[in-house]
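A.B. asks: Any chance you could fold what I've pasted below:
(4 chains)
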There are 4 protein chains.
Amino acid sequence: MAYNLLKGKKGIIFGALNEMSIAWKVAERAYDEGAELLLTNAPFAIRMGDISTLAGKTKSQVIPCDVTSLEDIENLIKKSIGIFGGKFDFVLHSIGMSPNVRKDIPYDHTNYEYFLKTLDISALSLHKILQTCRNLDAINDWGSVIALSYIAAQRTLDRYNDMADAKAILESIARSFGYIYGKEKNIRINTVSQSPTRTTAGSRIDGFDSLIDFTERMAPLGNATADECADYCITLFSDLTRKVTMQNLFHDGGFSSMGMSEKAIRQYEKSFEDRNNTDFMDFIDTQKFCCKRV
Amino acid sequence: MAYNLLKGKKGIIFGALNEMSIAWKVAERAYDEGAELLLTNAPFAIRMGDISTLAGKTKSQVIPCDVTSLEDIENLIKKSIGIFGGKFDFVLHSIGMSPNVRKDIPYDHTNYEYFLKTLDISALSLHKILQTCRNLDAINDWGSVIALSYIAAQRTLDRYNDMADAKAILESIARSFGYIYGKEKNIRINTVSQSPTRTTAGSRIDGFDSLIDFTERMAPLGNATADECADYCITLFSDLTRKVTMQNLFHDGGFSSMGMSEKAIRQYEKSFEDRNNTDFMDFIDTQKFCCKRV
Amino acid sequence: MAYNLLKGKKGIIFGALNEMSIAWKVAERAYDEGAELLLTNAPFAIRMGDISTLAGKTKSQVIPCDVTSLEDIENLIKKSIGIFGGKFDFVLHSIGMSPNVRKDIPYDHTNYEYFLKTLDISALSLHKILQTCRNLDAINDWGSVIALSYIAAQRTLDRYNDMADAKAILESIARSFGYIYGKEKNIRINTVSQSPTRTTAGSRIDGFDSLIDFTERMAPLGNATADECADYCITLFSDLTRKVTMQNLFHDGGFSSMGMSEKAIRQYEKSFEDRNNTDFMDFIDTQKFCCKRV
Amino acid sequence: MAYNLLKGKKGIIFGALNEMSIAWKVAERAYDEGAELLLTNAPFAIRMGDISTLAGKTKSQVIPCDVTSLEDIENLIKKSIGIFGGKFDFVLHSIGMSPNVRKDIPYDHTNYEYFLKTLDISALSLHKILQTCRNLDAINDWGSVIALSYIAAQRTLDRYNDMADAKAILESIARSFGYIYGKEKNIRINTVSQSPTRTTAGSRIDGFDSLIDFTERMAPLGNATADECADYCITLFSDLTRKVTMQNLFHDGGFSSMGMSEKAIRQYEKSFEDRNNTDFMDFIDTQKFCCKRV
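C.D. replies: Reported below is the predicted structural model:
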């Protein structure tokens, strides 16, 4: 269902790889809501993915852009202004890559050149896009910028590696630049901290399927899907959320506010069934629940 | 501008007093977006305010309800179901009252009977509404509940008195019940932490005009207005935000993420001008900025 | 090992029931560190528990006090001043009780009279103690007040019931009164958010043993014990932490900053072993980890 | 006053420049508390500062170390083990430098090479130190690591520039590595978020003296000094805080939990005195305080 929420608005979508990508879904929804779009991704991602299909669906042009290159970004923004016939209104940043993760280098044996690369691609890219847009005065007043983040920025997850630190600085950059772009042009910048999301049917990340099962049981509404994330981003691009800025917004079915759900603890308890519970703790009590005893 | 975001949806609005009320604005916007509404407020507030005007504008009925009374709430919900011809989809809780504040009793000389009254009216009322709705199975699956909050729940403001504690527990109740209503019915419950807002042209709160000036200068986008808050609430009632729950969402122009803005510090500095700066500190430096020195 | 950290200091300990209580451990450690103590608990808790043993060990007097009664509190504080021969320096608030929990009334069928009682006993009691101390000018400048809290104040735990809301408002009261007592007397007020703790070998709380197993595996340092909590409280009562105030301090082995640990996910995965994994999700991938694929 | 809290412990202090440095104060206090120390700083900082005086006072050796160089760090850690005759127990990381700040390059015209340099020096240095220590198994079980941070990691301050982002990632690295070092060796890693601190009587940072005046009036206990920070760090190095890890601990007199204090707003109001208040807002009221009206 469409509401014309983005009628007359123009925006750039970074990071659509294939139809499982969140960025892909956002592009489709934004188009449905009346937006005019421009798509971009890294050259190799454009080759590997299926972005031309999306371009067809959304009547958009695709401009390759390596977000670590200021030249590429400047070229992209200038061309966008040309294609749009002027300024645009929103930006989606859905970009993340860690050479350390890709090469299976654990966090405690990190390669620092790669670490800085992770930060450059996954976080400083947002700054580079914003600074270039600002220099070229490319975004309309009251525009909206969203970068996708993850709760690893606040809470450590085994194996998430230097992507956690990248998301932490990404959220900080959103605040820091949100202050500047806000006071000058009323442009808002937020991060959306999305549930772990099934994007492409790719290689298994060790432990990830268990994690997503756990978060599904923890979150009262279950994990948020890419489609739902797209819906949410539409509201944040629309004129109805003009005073929300410098926020990290959890879109996760409630996971971030959960300590323990019944479903998750029941599943966890199954791990002790039919076993000699040598690894299970004895009956215990606690001050926290002392009210029940006395 | 309207988008039909709430077409076919029904909702109850608590707390509209007059046209400066946030709840009033939400009702107007919800009506514009296609919602069918039911209005309620405390009997004395209905007498003092202007809710019949709003009822006329939004083609709504008004049912009085003292939110400390379970009977009143049950009556309200049952009648609502009758009027709506079934379940409804959203609820706005915009209710707050502190007898301690009203009687100018400072926080360190609190009257505990009043303190509990503050909590009962301003926070437990949300629980009572939710528990009654759940008992009567009154809210549709994927419904949305919003309670208005304030940053005093996280950061102490001089003179905000026991309303700070009331907002803290209000946000906690939203999480606690959000877990239950979420896992059972996919109903989401959030609080919106709104900028200090000019509602009625009423008596001056000592220090409040200075505070609102300060927050206006701190927030990159300035304070959020009641109209803007209504816009934001519409998105949270719509189907586009279905996986956002148990969150406290700042709608404040960025204030909550600011440490110090240029505008605010410049104004603050004026307080030392043309005076013998005996109360002003000497030139100083800090480890934080040591990078400049060395 | 003792360091004389509290030499010359005097303090009141609320809530020691028996030797498994955190308050008991704090009293022992404070005594070891040179403090002069006064012990108190509710009359029934004094009857049921073993506080006279603690009084003997720490050469302290015991004064019964129902913390919902202002009279009782005033009597306690006045007598304390008499016994100490003047003002005192620190207070431990380790008090929590929920009639709803005790009577197995679930959160969505809450009894509101009980709910207010939960808040009165578990949270407003802190305010009552502080207000009485302030009225009687009972605490020395640079004194320190600690109330024990739990992460349920921030994140919902199944079955924690209205104690979650009580802890949320307890932490808010610590901030609100911390502002007042801080600016006037430099007295600091903090909450310590402690790991779930084995206190008495009591009846099993359904699901609690699983929870404590889970948190033990999640926290890199494991759950914090009552003894360790006592050590931490000593530092917060000492003169070495004078500028820490209005904070909620997690003492939990790192649990609060964890999203998922290897140990916890490995245990969770066992729940799917040797079963037809109909409830287990297929191999999945995600945008979050897309870096590995491309 | 000393308590022998660090008797038998050994530690490395990074970042003592002169007697106004927080690191300097920590070294002095740690020595007083019985610790054996090793001091280090960048070669140019050693030349410019007065570290040999501190070395004399604390009977410590000084080893220069450029924290961007893994070789330098490895050399430092190996020599430390040699000098200490084995592993050590604690580390203070008090390091921060931004070429962008130093060269007066504003955040919206950032030089990205410098930006990465800021992150490398101010944040990745913590990772490099920890990874090297872990590779060399240099820190004793139950050791403690502290890195100094600032509230700019959470809230944007005008002109704090890329140091805000550096502090955000510093705190993230403390969590990420705290998980690993915690589960393996029970070593805890925390950040202390200190008040703005007068360190050297250096050149004026534009706007900083006003900021420190403001925070002094906002914080109920006033800004925390370097000496007080040193006291606090001692408790975090001691055995009394063994289960505190992966936390960002505010040591700021309560500033971080304040929304508005009476002292700050009174000073702010002076900025409007004796002026034609064209920039001052009219008497206003708000829903937040509506309780006073009705």
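
A.B. asks: so what's the closest residue to A:Y232 other than its chain neighbours bridging to?
C.D. replies: Take A:Y232 and drop its neighbours on the chain: the residue closest to it by C-beta to C-beta, 6 or more residues apart in numbering or on different chains is A:H251, 5.0 Å away. Placement of C-beta: from N, CA and C, glycine included. Counting by DSSP bridges, A:H251 forms beta bridges with A:Q194.

A.B. asks: Please see if stretch A:210-226 touches chain B.
C.D. replies: Yes - residues of stretch A:210-226 are located near chain B by C-beta under 8 Å from any C-beta of the partner chain, namely A:219-222, A:224-225.

A.B. asks: Mind checking which of those land in strands?
C.D. replies: Per DSSP state E, strands hold no members of the residues of stretch A:210-226 next to chain B.

A.B. asks: Dump those residues to JSON lines, plus neighbour count and distance to chain C.
C.D. replies: JSON lines is the format used below for the residues of stretch A:210-226 next to chain B (neighbours: other C-beta atoms under 10 Å in any protein chain shown; distance: C-beta to the nearest C-beta, whole Å):
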{"residue": "A:A219", "neighbour count": "27", "distance to chain C": "11"}
{"residue": "A:P220", "neighbour count": "29", "distance to chain C": "8"}
{"residue": "A:L221", "neighbour count": "27", "distance to chain C": "13"}
{"residue": "A:G222", "neighbour count": "21", "distance to chain C": "11"}
{"residue": "A:A224", "neighbour count": "28", "distance to chain C": "12"}
{"residue": "A:T225", "neighbour count": "18", "distance to chain C": "11"}
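
A.B. asks: Which member of those residues is positioned nearest D:N190?
C.D. replies: A:A219 (29.0 Å; C-beta to C-beta).

A.B. asks: for the stretch 1-150 of chain A, what spans make up the helices?
C.D. replies: Counting by DSSP state H, counting those that start in this stretch, the stretch 1-150 of chain A has helices at residues A:22-32, A:43-48, A:51-58, A:70-84, A:99-102, A:112-119, A:125-135.

A.B. asks: Would you mind finding the most buried of those?
C.D. replies: Neighbour counts (mean count of other C-beta atoms under 10 Å in any protein chain shown) averaged over each of these peak at helix A:22-32, with a mean of 25.

A.B. asks: what residues does that helix touch?
C.D. replies: A:2, A:6, A:11, A:13-18, A:37, A:39, A:54, A:57-60, A:90, A:92, A:94, A:148, A:194, A:197, A:199, A:226-227, A:229-231, A:233-234, A:237, C:287 (C-beta atoms under 8 Å, 6 or more residues apart in numbering or on different chains).

A.B. asks: Please convert the buried members of the residues you listed into ChimeraX selection syntax.
C.D. replies: Those of those that count as buried under 16 or more other C-beta atoms under 10 Å in any protein chain shown are selected in ChimeraX with:
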select /A:6,11,13,14,15,16,17,18,37,39,54,58,60,90,92,94,148,194,197,199,226,229,230,231,233,234,237 /C:287
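
A.B. asks: Disregarding residues adjacent in the polypeptide, which is nearest to whichever residue of the stretch 1-150 of chain A sits closest to chain B?
C.D. replies: Nearest residue of the stretch 1-150 of chain A to chain B (C-beta to the nearest C-beta) works out as A:Y3 at 4.0 Å. By the measure of C-beta to C-beta, 6+ apart, the closest residue to A:Y3 outside its immediate chain neighbours is B:Y3, 4.0 Å from it.
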